[in-house]
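Trainee: What shape does this take:
(one chain, ligands or ions: 2)
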Amino acid sequence: MDRTFLMVKPDGVQRGLIGRIISRLEDKGFKLTAAKFVQVTREQAERHYEEHKGKPFFENLVNFITSGPVLAMVWEGDDIITLSRTLIGKTSVTEALPGTIRGDFAAHTPFNLIHGSDSPQSAEREIANFFGPDEEVQYDKSVTAWI
Ligand code: RTP
Ligand code: MG
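Mentor: Numbering: from 1, shown residues only. Ligands and ions are numbered 1, 2, ... in the order given. A predicted model of the protein is given here:
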């Protein structure tokens, strides 16, 4: 079973889309193992987006992600890193297809509602930036046997 870090960004929280975003992840059959509603600190935001440090949009990105609370989550599922990014849709709202979260709900780049890790290495680093080792819940989700 693979795991990833997914985060409803401040725009998703402000627009009241937390429930609908979570529903899409549940509908797909993914398993939620940790969740935390938090205000991201500047240091945490810079660590989270460290691969973008030095790029022209970095400062705006950190300002955006620290502009209000986010819902930080860990989800499990086979191939979840690839599958969740397909579900989320392209970064640019002009390229995000209908049927994806961004394609259906996001109207202005870079306010694209949800973050998803892009590799297992990123996932581990991003999870450790938001959650302690004991904060993930281990449990059986019987429906996963049927999907
Ligand atoms: P994310 O990391 O947030 O899940 O998004 P992503 O993988 O689809 O996109 P990434 O390339 O990692 O970029 C991270 C976030 O930075 C903002 N962005 N702005 N040219 C720009 O102004 C620009 N490029 C990227 C977006 O909010 C993007 O989600
Ligand atoms: Mg990214």
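Trainee: My reading is that Ser55 lies in a helix. Confirm?
Mentor: Careful, residue 55 is Lys; it's not Ser. No - read with DSSP: H, G, I helix; E, B strand; the rest coil, Lys55 is coil and lies in no helix.
Trainee: Count the residues that sit near it.
Mentor: Lys55 sits with 11 neighbouring residues when counted by other C-beta atoms under 10 Å. From N, CA and C alone the C-beta is placed, and that goes for glycine too.
Trainee: now this structure, which segments are flagged as low pLDDT?
Mentor: Within the chain, the stretches with pLDDT under 70 are 143-145, 147.
Trainee: That one: strands as residue ranges?
Mentor: For the chain, applying DSSP state E gives strands covering 2-8, 31-38, 70-77, 114-116.
Trainee: Tell me which of these sits nearest to ligand 1.
Mentor: Proximity to ligand 1 (C-beta to the nearest ligand atom) singles out strand 114-116 among the strands of the chain, at 3.7 Å.
Trainee: who does the closest one pair up with?
Mentor: Applying DSSP bridges to the sheet, strand 114-116 is found paired with strand 2-8 (antiparallel).
Trainee: about what we covered before: of all the strands of the chain, which one is nearest Pro133?
Mentor: Nearest of the strands of the chain to Pro133, taken as C-beta to C-beta: strand 31-38 at 10.9 Å.
Trainee: In contact with Leu71, which residues?
Mentor: Residues in contact with Leu71, defined by C-beta atoms under 8 Å, 6 or more residues apart in numbering, are Met7, Val8, Gly12, Val13, Ile18, Ala35, Lys36, Phe37.
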